[in-house]
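K.L.:
test case, fold it:
(one chain, ligands or ions: 1)
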Amino acid sequence: MSTPTVGVLALQGDVREHLEALAEHGARPVTVRRPRELAEVDGLVVPGGESSTMDKLVRAFDLQGPLRERIADGLPVYGSCAGMILLADRLVDRAPGQETLGGMDVLVRRNAFGRQVDSFESDLHVRELGGEPLRAVFIRAPWIEEAGPDVQVLARVESGPAEGRVVAARQGRLLATSFHPEVTGDHRVHAYFVDLVRRG
Ligand SMILES: NC(=O)CC[C@H](N)C(=O)O
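P.N.:
Next comes the predicted model:
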């Protein structure tokens with residue numbers, strides 16, 4: 001699979017930046033809005049946005065069942081911010097009636113960093129992405145509050161009041177970050193994900 005087809009769930013949120021970052025790293029990027037489009041992809045990005053809105057749209061577009069099935073079948077999925085929330089098996093501070101797709105054995109807290117620090121940037125050292133620190137942009141971001149034994153922690157906040165909080169993790173073919181790597185020029189997270197898709 002030299003040029004994998006990688007979808008971006010395009011119901012809501014920042015889709016275009018992900019498509020560009022995926023193309024840069026050798027994937028054939030496509031938008032996914034319908035079950036038949038989901039059936040064509042080798043991997044999927046669930047972008048940031050607003051997780052309860054995205055959940056409603058996922059259900060309105062009859063994608064919840066097909067997405068859960070493909071996740072259970074081992075589809076590689078990368079969730080950023082709201083996407084991390086959608087991949088979580090358990091949520092704190094969910095909106096009324098909000099559901100997730102699940103797949104990752106984590107407890108995720110929405111809007112975890114508090115209102116006074118809606119958005120911020122921070123450098124993270126992510127061993128899997130090589131030596132250079134990664135500039136991470138957090139926008140009303142969640143964090144992973146608890147992670148099961150099969151979850152590999154990839155990055156934690158390195159300073160400030162949230163020091164030690166888990167903001168990137170992987171469980172098998174599922175990858176999640178609290179932050180938005182698509183808005184910086186450094187797309188190593190996308191490269192890592194495309195590699196994960198290629199390995200099948
Ligand atoms: N940038 C984001 O994706 C924010 C996520 C948003 N706070 C939510 O709950 O869905």
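
K.L.:
show me the shaky parts of this structure.
P.N.:
Residue ranges of the chain with pLDDT under 70: 1, 115-117.

K.L.:
what segments of it are strands?
P.N.:
5-9, 28-32, 43-46, 77-80, 88-92, 104-109, 119-124, 134-139, 143-147, 152-156, 166-171, 174-177 (DSSP state E).

K.L.:
and the protein, which residues reach the ligand?
P.N.:
By CB under 6 Å from any ligand atom, the residues of the chain that approach the ligand are 48-51, 81-82, 85, 110-111, 139-140. Backbone N, C-alpha and C define where each C-beta goes, glycine included.

K.L.:
filter those residues to the buried ones?
P.N.:
Among these, the ones that count as buried by 16 or more other CB atoms under 10 Å are 48-51, 81-82, 85, 110, 139-140.

K.L.:
pick the most buried one from the strands of the chain.
P.N.:
Stretch with highest mean neighbour count among the strands of the chain: strand 77-80 (a mean of 29; mean count of other CB atoms under 10 Å).

K.L.:
please save the CA atoms from that one in CSV.
P.N.:
What follows is strand 77-80, C-alpha atoms only, in CSV (Å, rounded to 0.1, in the frame of the first residue of the first chain):
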residue,chain,number,x,y,z
VAL,A,77,-8.1,6.4,12.9
TYR,A,78,-6.5,9.6,14.1
GLY,A,79,-8.6,11.9,16.2
SER,A,80,-7.5,15.5,16.9
